[in-house]
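Peer 1: with the sequence up front, the predicted model follows.
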Amino acid sequence: MQDNSESKITGCPHIDRPWKKWYENVNYSTYEPNTNITDYLRNKNYGRGSVVAEIYYGNKITYDELFQRTDLASKALASLGVSKGQSIINLMPNIPETGQIWLGASQIGAISNFVDPRPDSINLKANALKLLEIIKYEKADYIVALDQCYLGMIKPIENELKELGINNVFIVSAVDSMNILGMIDYLKDVLKYNKIKNSKQLEKTTERLKFYQALYLKIKGMSEQKKAYKEATKNSPLEIIRYKDLVKDSLNCSFTEIKDENLVNYIGHTSGTSGARPKPIPLTNRNQIFATEQTFKIGVNVQVAERVIHELPFFSPLGADNNYILDLASGATLIDVPEFELSEFGYLIKKYNPSTVMGTPSWLTQFVKCPYLQKSNLKGLKRLIYGGDSMSKKDERRLNEWLRDHGSSAIIEKGHGMSEYCGGGSYAVGEYNRYESIGIPFHDVIYGIVNPDIEDRLVPVNQPNEEGLICGELVVSSDAVTSGILNGETIVPHYEMDGRSYIRTRDLVKMDKDGIFYFDARKDRSFTRYDGYKVKPAEIEKEIEKSPFVNCCRIVSYFDKQRNGFMPIAHVVLADGVKVYNDKDYAEIVKEIVNEQIVKNPIMSTRQIPSKFKFRVELPLTKNSKVDFNGLIKEGIDGTEFTVLVEETNLSVSGIKVYAPIL
């Protein structure tokens, strides 16, 4: 690629691009311009038809079968009138149909809007109202949902959806792509998760009995759910259509493929938002193809037929683009994981023997103490990648040593990115994979560093500090960046600087003389939970302070040893006149705050519930009379806190409990 940057050294990273020296050997990849993401993937996999694209509980789907099913999805959607520019809300986990429907919609120019399918509250009406708020704001024409999501999130608001002009809901079951062997494989996993240590135990009479009891209960449960679904749809004002029936009925239909790289084909949602409602991120075919091609240029894509655990969700651009599109473009084999729990991660690694694993730092650092992996040979694990948060030098070293001790040649790789540009913008591998760094920008991605205290425009920083590092707020420019406009409204503002368009990241970074970047902190006090969810303290504080029991609230992070990652703690000063006499009174106040300000609040998620509440007479202040957030963080946990336990996976929330202090 021709270098049009100025030869004069300015000190500004976005002009000098000191990281260019690392790109002497670039793997250029070609693709057909002005296409859609589906056609791009089809062309990438030319000649790989017999390679397995996905494994779903033992059911193997080849690339030929994947694209055949994608065409069937296009036919099915077109047969009901889904057309260019129309939007489909998706309430779907990581099952084969999810990707097939998305790629099928893309072929006909429709938009797939992925919303977190997990009912994040035990209050069904609250779940439904949260979904309704998103649909009203983002607008939609159709809905695709897992059957259990329909019962919990759509049924309560059917009349409201009808008024909004949504008439059709497509229903998919998680077992549609399972055969009987797949169901048995699933049940074996359930038993494993319940502490059955190895398959040999199934030979024992008691364990075999447990297995068949579980099989009976599963079939019974499916039958009961089917009965509940049938009853719920009987008098629905909407047209409730079984997706698998729609596919059968439209086998002889046709569709017109639309190839336009500038069309939006996907809307995801960022967990770190400027408001309490998840922020929608519209991405075009061009955005996603550009982002994918960047990884091919520097050779960090996976290899053909290599296995990758597919656990990152579709509603996150990181999951959709880096854990689905990129892997399929590479010809990899995805292991679909519809319901993911951290405690099961090691078991999945041992069972499927993947060559590549992606996750958050807290997920990956769990490996060193996972009982399933302690005696495992991980020779097949070639790449371990983390994103979404930073890992300490100590943890990185320890994990690299642990990998070597278990036969793996992998060295921790990492990157930095945002949903606003498909989840990835920089990468650390090889010589520029230094401890605690986020690497260097992709070949055609421009990183700049600006003064974080100037909000209305970008003012570049070009003077290093006493350590020789250039410090400030990271701004990004690339063809992967979203336009930031949805339904005529600006969601992500753009800024001009030296002839290019940039977006602000709100991340404070440092860059050394070699052009290698290091994450420093979030400008808005946000932090990442153990599971990758970004917590915005100001959003939670604002809602908690609406409680009549609360005078003020401040949220900071603390390290949760059990989860091996960060969680939010709420420091609360009660309102004047609130009388409390014992721990039971405090516990009731915590329950009231959690239930009224978060669970029943349509713009909040249960992932925003602080897992600790600490009541104080006043908040500590700095010498400038500002809240001493660093002091609150340093306090850590001392046992005087009230604990809130939310029982959750990526598909369900089964309950919320409050526990009094242990002291």
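Peer 2: Everything's here; your move.

Peer 1: what residue ranges in the stretch 151-300 of the chain score low on pLDDT?
Peer 2: 179-226, 229, 271-277 (pLDDT under 70).

Peer 1: which element follows the helix or strand bottoming out on mean pLDDT in the chain toward the C-terminus?
Peer 2: Ranked by mean pLDDT, DSSP states H and E, the helix or strand of the chain with the weakest confidence is helix 205-233, at a mean of 59. Of the helices and strands lying after helix 205-233 in sequence (DSSP states H and E), the nearest is strand 239-242.

Peer 1: what lies in contact with that next one?
Peer 2: Strand 239-242 has contacts (C-beta atoms under 8 Å, 6 or more residues apart in numbering) with 80, 150, 167-171, 233. C-betas here are computed from N, CA, C, even on glycine.

Peer 1: which single one of those residues is nearest to residue 560?
Peer 2: Comparing those against residue 560 with C-beta to C-beta places residue 150 closest, at 33.8 Å.

Peer 1: what residues are up against the nearest residue to that closest one once chain neighbours are set aside?
Peer 2: Nearest residue to residue 150 in three dimensions, chain neighbours excluded: residue 171, at 5.6 Å (C-beta to C-beta, 6 or more residues apart in numbering). Residues in contact with residue 171 (C-beta under 8 Å, 6+ apart) are 145-147, 150, 229, 240-243.

Peer 1: what's the separation between residue 446 and residue 480?
Peer 2: 11 Å (C-beta to C-beta, to the nearest Å).

Peer 1: typo on my end, residue 574
Peer 2: Taking C-beta to C-beta, one finds residue 574 at 47 Å from residue 480.

Peer 1: with residue 417 instead?
Peer 2: Counting by C-beta to C-beta, the gap from residue 417 to residue 480 is 9 Å.

Peer 1: same drill for those two, tell me which one is more crowded.
Peer 2: Between residue 417 and residue 480, counted using other C-beta atoms under 10 Å, residue 480 has the larger neighbour count: 30 against 25.

Peer 1: so that one is in contact with residue 294, correct?
Peer 2: Yes: Residue 480 is within contact range of residue 294, at 7.3 Å (criterion: C-beta atoms under 8 Å).

Peer 1: shared neighbours, those two?
Peer 2: Common neighbours of residue 480 and residue 294, using C-beta under 8 Å, 6+ apart, are residue 445.

Peer 1: residue 248: which element?
Peer 2: Residue 248 belongs to helix 243-249, assigned by DSSP H and E.

Peer 1: output the contacting helices and strands for that helix.
Peer 2: In terms of contacts (3 or more C-beta pairs under 8 Å, 6 or more residues apart in numbering; DSSP states H and E), helix 243-249 is packed against helix 63-79, strand 168-172.

Peer 1: looking at the ones you listed, which is buried most?
Peer 2: Among the helices and strands packed on helix 243-249, strand 168-172 has the highest mean neighbour count (mean count of other C-beta atoms under 10 Å), at a mean of 24.

Peer 1: tabulate the CA atom coordinates of it in PDB.
Peer 2: Only the C-alpha atoms of strand 168-172 are listed here, as PDB (Å, rounded to 0.1, in the frame of the first residue of the first chain):
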ATOM      1  CA  ASN A 168     -44.700 -11.700  12.200                       C
ATOM      2  CA  VAL A 169     -42.600 -13.500  14.800                       C
ATOM      3  CA  PHE A 170     -40.300 -16.400  13.700                       C
ATOM      4  CA  ILE A 171     -39.700 -19.000  16.400                       C
ATOM      5  CA  VAL A 172     -36.700 -21.200  16.600                       C
END
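
Peer 1: tilt between it and helix 63-79?
Peer 2: 160 degrees (axes from the mean of the first three to the mean of the last three C-alpha atoms, to 10 degrees).

Peer 1: distance from the chain centre to strand 168-172, please.
Peer 2: Chain-centre distance of strand 168-172: 23 Å, with C-alpha atoms, centre = their mean, to the nearest Å.

Peer 1: give me the phi and psi for the residue nearest in space to the middle of the chain.
Peer 2: By C-alpha atoms, centre = their mean, the chain has its centre lying nearest to residue 316, at 3.8 Å. Per-residue torsions, residue 316: phi -100, psi 130 (degrees, to the nearest 10).

Peer 1: could you measure from the nearest residue to it once chain neighbours are set aside over to residue 543?
Peer 2: The shortest distance from residue 316 to any non-neighbouring residue, by C-beta to C-beta, 6+ apart, is to residue 268 (6.0 Å). In this view, residue 268 and residue 543 are 24 Å apart by C-beta to C-beta.

Peer 1: quick one, phi psi at residue 559?
Peer 2: According to degrees, to the nearest 10, residue 559 has phi -90, psi 120.

Peer 1: just the element for residue 27, please.
Peer 2: Per DSSP H and E, there is no helix or strand for residue 27.

Peer 1: residue 292 and residue 325 touch, don't they?
Peer 2: Yes: between residue 292 and residue 325 there is a contact under C-beta under 8 Å: 5.8 Å.

Peer 1: what helices or strands is the helix or strand containing residue 474 leaning on?
Peer 2: Assigned by DSSP H and E, residue 474 belongs to strand 470-477. On a contact count with 3+ C-beta pairs under 8 Å, 6+ apart, strand 470-477 meets helix 13-16, strand 446-450, strand 500-511.

Peer 1: give me the mean pLDDT for the longest one.
Peer 2: Per-residue pLDDT values across strand 500-511 average out to 95.

Peer 1: returning to what we had before: higher neighbour count, residue 268 and residue 543?
Peer 2: Neighbours were counted for residue 268 and for residue 543 using other C-beta under 10 Å; residue 268 has more, 28 against 19.

Peer 1: strands along the stretch 551-663 of the chain, start to end?
Peer 2: For the stretch 551-663 of the chain, applying DSSP state E, counting those that start in this stretch gives strands covering 565-574, 612-616, 642-648, 653-659.

Peer 1: hmm, back to that, what's the closest of the contacts of residue 171 to residue 309?
Peer 2: Distance to residue 309, by C-beta to C-beta, is smallest for residue 146 among the contacts of residue 171, at 20.4 Å.

Peer 1: test my guess that that closest one contacts residue 97.
Peer 2: No: at 9.2 Å, residue 146 does not count as touching residue 97 under the criterion of C-beta under 8 Å.
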